[in-house]
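Chemist: Fold the following for me, if possible:
(4 chains)
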Number of protein chains: 4
Amino acid sequence: MYSFKNDYSEGAHPAILEALMRTNLEQEEGYGEDRYSLEAADLIRQRIARPDAAVHFLTGGTQVNMTAISSFLRPHEAAIAAKTGHINVHETGAIEATGHKVVVADSDGDGKLTPESIQQVLDAHPDEHMVKPKLVYISDTTEVGAIYTKSELERLKTFCDAHQLYLYLDGARLGSALTAEGNDLVLSDLPKLTDAFYIGGTKNGALIGEALVIVRDSLKEDFRYLIKQRGAMLAKGRVTGIQFLELLKGNLYFDLASHANRMADKLREGLTAQGFRFLTHSPSNQIFPVLPNALIDALLHQYAFLTWSKVDAQHTSVRLVTSWATREAAVDGFLVDVAENLKSSVR
Amino acid sequence: MYSFKNDYSEGAHPAILEALMRTNLEQEEGYGEDRYSLEAADLIRQRIARPDAAVHFLTGGTQVNMTAISSFLRPHEAAIAAKTGHINVHETGAIEATGHKVVVADSDGDGKLTPESIQQVLDAHPDEHMVKPKLVYISDTTEVGAIYTKSELERLKTFCDAHQLYLYLDGARLGSALTAEGNDLVLSDLPKLTDAFYIGGTKNGALIGEALVIVRDSLKEDFRYLIKQRGAMLAKGRVTGIQFLELLKGNLYFDLASHANRMADKLREGLTAQGFRFLTHSPSNQIFPVLPNALIDALLHQYAFLTWSKVDAQHTSVRLVTSWATREAAVDGFLVDVAENLKSSVR
Amino acid sequence: MYSFKNDYSEGAHPAILEALMRTNLEQEEGYGEDRYSLEAADLIRQRIARPDAAVHFLTGGTQVNMTAISSFLRPHEAAIAAKTGHINVHETGAIEATGHKVVVADSDGDGKLTPESIQQVLDAHPDEHMVKPKLVYISDTTEVGAIYTKSELERLKTFCDAHQLYLYLDGARLGSALTAEGNDLVLSDLPKLTDAFYIGGTKNGALIGEALVIVRDSLKEDFRYLIKQRGAMLAKGRVTGIQFLELLKGNLYFDLASHANRMADKLREGLTAQGFRFLTHSPSNQIFPVLPNALIDALLHQYAFLTWSKVDAQHTSVRLVTSWATREAAVDGFLVDVAENLKSSVR
Amino acid sequence: MYSFKNDYSEGAHPAILEALMRTNLEQEEGYGEDRYSLEAADLIRQRIARPDAAVHFLTGGTQVNMTAISSFLRPHEAAIAAKTGHINVHETGAIEATGHKVVVADSDGDGKLTPESIQQVLDAHPDEHMVKPKLVYISDTTEVGAIYTKSELERLKTFCDAHQLYLYLDGARLGSALTAEGNDLVLSDLPKLTDAFYIGGTKNGALIGEALVIVRDSLKEDFRYLIKQRGAMLAKGRVTGIQFLELLKGNLYFDLASHANRMADKLREGLTAQGFRFLTHSPSNQIFPVLPNALIDALLHQYAFLTWSKVDAQHTSVRLVTSWATREAAVDGFLVDVAENLKSSVR
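Modeler: Numbering: from 1, shown residues only, chains lettered A, B, ... in the order given. Sure thing, here's the model as predicted:
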């Protein structure tokens, strides 16, 4: 049984565990003030060429989103997200639990927002009887694997600046986005094109950990209070600092993401070659092929993956996710098994 | 420079890192439904002889406290804590941020609550113009290192039951408490004597992780929703499951705590022998000697530790914390350095 | 300039002001424990034939909704509402500010929910990664003036009971609903068909005040604590008690609503006779005629009302609201003015 | 049975009810944008000589406090209050329900804060592991009837400014404070000496209503959103506007308070003359005489008032409250009854 269920089925990249081992008995400051966390933050500031950026390490995506958004907004201010946005659906109301409404903006099937969709939200919220939309939440890749181009992000940032909106980018799968076919963004573009964003570790080789980068000055103040208040400050902050240092001191972070994408590419191409189509175009590490139900049933005996949505009476889309740890042999085997299942079903 | 600043200066016990290594590339379910977390939860149920207990793994103490307390209470209900209680002082208002007041009950210098002190709180909250105290928060060890005896805990539980109060025990340093001189509690007493408690990992050899045990049936429902909503559900839940399995499958958890206590005992005895007194009696891994200011200044060149409170013009209490990782040579060295500093200051 | 903008443009029905005058210098208990509030609560229990119901008086609709919903739900539980539902749009995120997500269910243009639309919401929220929908919020009349029939409400209640959902009815305009053409509900049906509901005073002749009726036992406990905590407990609770006593001791409440409906009927019939159509069918005190833009511009010089939505390049729907205080002469005048404007625009 | 239990036992001053009557059928804008509310806000700005102040009308004290404080503070910021402060004790955790801790500062028996007591709080909150105290909550009169002198308030404001703290004054009984013996403050001092304050209506002749005045620019933004979100925006905002206009267009507000104070003076002097002492010195409309228990029991057959605190085995302090509506004959009668009860008990 091999799993294409998600990109967090395995532990951490071995280099990370080795770094944890190597530094294990050193005594360090607690609560993120250890030298590794400080170094990792510096390294991120260097890589994005923004010595003024605030960098904080937290443990998971929902935690970063709720801590950041509740820190950035006043009580009556709301976040705008795509209907499929992680904060809107898959965080058990974490944002609302901190007091803020998530307002849905229209998006195409790819889960991306546009100035036009945000403008519609603004038009529908003219006065104090409604919440005040103040922060635009996007993710790259989106929940369905799409990526933003540089010009798309530039249009969004220009729009947000013109309307006093913060632009916040959830980078749970930022590695995959920045190494995907068709991407023209680099990490150092993000501080120019967002007010805050995070670099996802958990889904790209870390055990735990996400690096939040706050660019806009007015959003930086007292952020460590918020981390502590939301239960997000690790006594052993070194655990996240060491991991990000390992991921970002060389090219490991992007190498891991490239591997994941390459595995997804192979799956995509293999399935396309066998005549299958896809629910949406995804150039990243999540793909959504539309498969015959009988094939899905057969495959689920050998592979773990999610069924996504019913397409018609005979077909369903499924989600296949690859990661830094996906074995190429498993990908090859999967494509062979698809082919064989199809053949046998013909007989 | 050796640190007695806290019990989370080092990483994890090596056996834990080895377990993480060993299992690293196995594919597991996400979000705490991996087999290690399930096994670790079973193991805890066995060790406390309560097959019905709900067991959840979270990452840190503040996070457990805020998630549990906000799950257990209705909006108008409050937690009762000692003035020094961690939730009252050192969690940046995390409980209040979920909407609940922390009401302070009197306690002696040892940070322990009694039925009498809780009764006073109840008397002061007679009706709907005040919050309704509903949960009693205690910690073992307390913030100043004291421990509860079995009979003290029995009195508290009897009182709480009689007054429809939940009794919740913060076990951030439960290992140290249960292995301290004078302790007569065992782990399996806790489900009888509390409604919920947690077994602290971070301060006793784990990288991250606390195991929350919910005993009272009415408090168990839907708890995983709360974990997710508070940002406390790790995608790679295995990280905490594997650690608790390692700590609790044999006696490692208690061995580590015993070591920490033994190191503290040695410090206490050595300082007592040199004529120093202590701010409070603490039989656990935190001690609070009262030292001359000049001695403190001198020691701070060689050791890291916290100054705690001014005692008089010439004396201050300090906090020395030992852990599973404290080296005995460092303890010996500290005592020698104290003695030498005293001698030299006489000259 | 006459206003059809809303049903709260005037003060209170004179009988109410007289009752406030008459009782003004009597000394009464504070915080809703005065004899008038107690009497009014008893009276409501009698009129709905439910001696066990809990009755509380609050000041406005948003306040009732947020106090009730935040009392009824645990932190991870959500309210289901129509897209147009007042709690979803027009309460500045008051529900979210208490920590709860409002999940939108599909509804037709009339703003009514059905078991089918709620089932879709339940299907989309299968586990702890999403909020748990727990309370169904409906209003009678709806935001666009539609009313529920008895059988529609019965189907909803049966569905909610079968799915452990609370059914909560916002009765800001309950008077208009229960006296509208086509209505087959009576006040005493509501405790059978909902778990809680409120009888709106502000929009039906009171100065301020809404009467919340809680029927389900498990939702009653400690509700006064919540009223106080949400800032909704008036020191001079008599102000709302006296008003509801006046409204409900005879038939005043329904007489006032009938007048409002009759005025709306007259407007509807007059406009229909002049050939206009309506955005939705509304038998209650809010109607939504579709008018030529030029006519709207002309009318706005003499009348105050809201434009509602663009229909096509030449037409817009407007909202006309009548109330207990609407003067029949103003209605007649409005219809005449419409006719004259049309004629003059032909010339 | 005559009540000295509180200052909200009666309805409104007759002039207020007459104003409500007189304006009753005029059509006005909703939600506080009626001409009376606008005029009343202007009038307040004139009386305090601050054309730039923001003025908002809400219904009750707890509501104003929770709306203002939750608007002014970021999530990790806390309010400082005296132990007896209304927000600390008597608001059912309303402030905490919006997410903010109330930190207690020492105060003498009079419930007043000083720079010294606030400095102690600041010293105890040095970093991000604790909440950040940011707003100082005081009330004039205090919960036990004391008043602030101008120089005391000046010291507080200077201290707050120096420490980036907001100074917020709860004026539920501001009328009584500003007309009390020993007071040297006038209404127009308050904008210089606080960042925000409210002028209490409910306890000084209004049916409902408090006027919040925000002086500091940075605290004004979007406040109407907060009013709506907290359920504090009345559809018929005219109800509070008309009342404040009536109270403040002449000297009614202060005349009513003076009457209340004069009645309290008479009680104080009469009881002093009969040899009784008082728990605290209160020059305002609440006094706290220490009476023999037997006398209290006897008086409670004829009068309603609160017993306050046990003084010794034979004595208890009680709270007597006077108001704009207190009849002088009742005061005289009370003093006579005290005297007679004493005499009869001697016999």
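
Chemist: List phi and psi for A:D170.
Modeler: The main-chain torsion angles of A:D170 are listed as degrees, to the nearest 10 and equal phi -80, psi 110.

Chemist: what's the closest non-adjacent residue to it?
Modeler: Nearest-residue entry for A:D170: A:S139, 3.8 Å, with adjacent residues in sequence omitted and distances by CB to CB, 6 or more residues apart in numbering or on different chains. From N, CA and C alone the C-beta is placed, and that goes for glycine too.

Chemist: Run a quick neighbour tally on the one you found.
Modeler: Taking other CB atoms under 10 Å in any protein chain shown as the neighbour definition, A:S139 ends up with a count of 30.

Chemist: Identify the residues contacting it.
Modeler: Contact criterion CB atoms under 8 Å, 6 or more residues apart in numbering or on different chains gives A:85-86, A:111, A:169-173 as the residues in contact with A:S139.

Chemist: Return the distance of it relative to C:E96.
Modeler: Per CB to CB, to the nearest Å, A:S139 is found 21 Å from C:E96.

Chemist: what's the answer for A:H100, then?
Modeler: Counting by CB to CB, the gap from A:H100 to C:E96 is 6 Å.

Chemist: do the same with A:A273
Modeler: Distance of A:A273 to C:E96, given as CB to CB: 48 Å.

Chemist: More neighbours: the two, which one.
Modeler: Higher neighbour count among A:A273 and C:E96: C:E96, with 30 against 10, using other CB under 10 Å.

Chemist: residue ranges of the strands in the stretch 201-347 of chain A, please?
Modeler: Under the criterion DSSP state E, counting those that start in this stretch, the stretch 201-347 of chain A contains strands at A:210-214, A:286-287, A:290-292, A:303-304, A:306-310, A:315-321.

Chemist: hmm, back to that, of the contacts of A:S139, closest to C:A304?
Modeler: Distances from the contacts of A:S139 to C:A304 were compared by CB to CB; the smallest belongs to A:G85, at 39.2 Å.

Chemist: which residues touch the closest one?
Modeler: With contact taken as CB under 8 Å, 6+ apart, A:G85 is in contact with A:102, A:104, A:111, A:137-139, A:143.

Chemist: For those, which single residue is the most surrounded?
Modeler: Among these, A:S139 has the most neighbours (other CB under 10 Å), with 30 neighbours.

Chemist: Please report how far it lies from D:L43.
Modeler: Summarising the geometry, the distance separating A:S139 from D:L43, computed by CB to CB, is 51 Å.

Chemist: What residues does the stretch 101-250 of chain A have near chain C?
Modeler: Those residues of the stretch 101-250 of chain A that sit near chain C, judged by CB under 8 Å from any CB of the partner chain, are A:101-102, A:104, A:128-131.

Chemist: run the last query once more with 7 Å
Modeler: Where proximity means CB under 7 Å from any CB of the partner chain, the interface of the stretch 101-250 of chain A facing chain C comprises A:101, A:128-131.

Chemist: Find the nearest non-adjacent residue to A:E152, please.
Modeler: A:E152's closest residue in space is A:K112 (CB to CB, 6+ apart), at 7.0 Å.

Chemist: For that neighbour, give me the pLDDT.
Modeler: Confidence at A:K112, expressed as pLDDT, is 97.

Chemist: Contact partners for it?
Modeler: Residues in contact with A:K112 (CB atoms under 7 Å, 6 or more residues apart in numbering or on different chains) are A:142, A:146, A:148.

Chemist: Phi first, then psi, for it.
Modeler: Comment: the main-chain dihedrals of A:K112 come out as phi -100, psi 140, following degrees, to the nearest 10.

Chemist: For it, give its distance to A:F278.
Modeler: Between A:K112 and A:F278 the distance is 16 Å, computed by CB to CB.

Chemist: got it, and A:L20?
Modeler: 38 Å.

Chemist: same check, this time on A:V131
Modeler: As judged by CB to CB, A:V131 and A:F278 stand 36 Å apart.

Chemist: Just the ones of the contacts of A:K112 in strands?
Modeler: Where the contacts of A:K112 are compared with strands, as defined by DSSP state E, there is no overlap at all.
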